[in-house]
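*Asks:* Provided below are the primary sequence and the corresponding predicted coordinates.
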Amino acid sequence: MKFAVLVFPGSNCDIDCYKAVEDTVGESVDYVWHTATDLSAYDCIIVPGGFSYGDYLRCGAISRFAPVMAEVAKAAEQGKFILGICNGFQILTEANLLPGALRRNMSMKFRCHDTKLTVVNNETPFTREYRKNEEIIIPIAHGEGNYYCDEETLEKLKANHQIVFTYGDNPNGSIEDIAGICNEKGNVIGMMPHPERAVDTLLGSEDGKRMFTSILKSWRDTHDTASVR
């Protein structure tokens, strides 16, 4: 399996994501610059956290026009796995690959600490190694993590089981305590907490490790099935 970690001007969690893939699944992983126009070699694309383009206009509003994002959209349509973390989540909403938007935290303060999450949907390619309703510890680091959508979109998210993670103690005011969502197909996920920062007990939690092992297991199942056919 091959992973791509995108790099935008201002990304600062790309190295964390790269190391998380290396340390948890040991699969091939490359940094891919935002000007890239071909992602066909990759099976999973990680859009990392940071402050892409300085978070000017809105978080992710400029990055969504980077050449690589057209390839991310193509990969999503092909069913490849797309994981957007923090600023990556913001970029995916700006690119309309996920519904809703991320607004300023209700406190108007940057929040950086461990957070308790509930795994609402453990049937995605990213969460299959968690138990439904399991509580996990994953850190956050954001100033604009307040997830918002209109009532119609919220009902669709609930009906389609697109709410993947919720906060135990909402740190930012996001609607329905939402910490992470997926698209209807389940192959694109965005979340504000940082699983790549929770892959070893030395970091305070290794609860993020199973997100990466879930991705690998899901890919292997699909790949083995395709090989049999």
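*Replies:* Cool, got the structure.

*Asks:* gap between stretch 171-190 and the chain center?
*Replies:* Once both centres are worked out by CA atoms, centre = their mean, to the nearest Å, stretch 171-190 turns out to sit 9 Å from its chain's centre.

*Asks:* quick one: terminal-to-terminal distance for that stretch?
*Replies:* Taking CA to CA, to the nearest Å, stretch 171-190 runs 17 Å from one end to the other.

*Asks:* buried residues, it. List them.
*Replies:* 171-172, 174-175, 177-183, 186-190 (16 or more other CB atoms under 10 Å). C-beta here means a position set from N, CA and C on the backbone, and glycine is covered the same way.

*Asks:* next one: the lengthiest helix in the chain to chain centre, how far?
*Replies:* In the chain, assigned by DSSP state H, the helix with the most residues is helix 209-228. Counting by CA atoms, centre = their mean, helix 209-228 is centred 17 Å from the centre of its parent chain.

*Asks:* elements contacting it?
*Replies:* Helix 209-228 sits against helix 14-24, strand 81-85, with contacts defined as 3 or more CB pairs under 8 Å, 6 or more residues apart in numbering; DSSP states H and E.

*Asks:* what lies in contact with the longest one?
*Replies:* Among residues not part of helix 14-24, those counted as contacts by CB atoms under 8 Å, 6 or more residues apart in numbering are 3, 5-7, 27, 29, 31, 46, 48, 50, 85, 194-197, 199-200, 208-209, 212-213.

*Asks:* so residue 100 sits right up against residue 152, yeah?
*Replies:* No - Residue 100 is beyond contact range of residue 152, at 11.3 Å (criterion: CB atoms under 8 Å).

*Asks:* point to the residue nearest the middle of this structure.
*Replies:* Of all residues in the chain, the one closest to the mean position by CA atoms, centre = their mean is residue 84, 2.9 Å from it.

*Asks:* rebuild the helices and strands packed on helix 209-228 as CSV, extending it with mean pLDDT and distance to residue 37.
*Replies:* Rendered in CSV, the data for the helices and strands packed on helix 209-228 read as follows (pLDDT from 0 to 100; distance: least, CB to CB, whole Å):
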stretch, mean pLDDT, distance to residue 37
helix 14-24, 97, 19
strand 81-85, 98, 17
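
*Asks:* format these as a markdown table; extra columns: distance to residue 110.
*Replies:* What follows is the helices and strands packed on helix 209-228, written out as a markdown table (distance: least, CB to CB, whole Å):
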| stretch | distance to residue 110 |
| --- | --- |
| helix 14-24 | 18 |
| strand 81-85 | 16 |
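
*Asks:* of these, which stretch is the most buried?
*Replies:* Among the helices and strands packed on helix 209-228, ranked by average contacts under mean count of other CB atoms under 10 Å, first place goes to strand 81-85 (a mean of 28).
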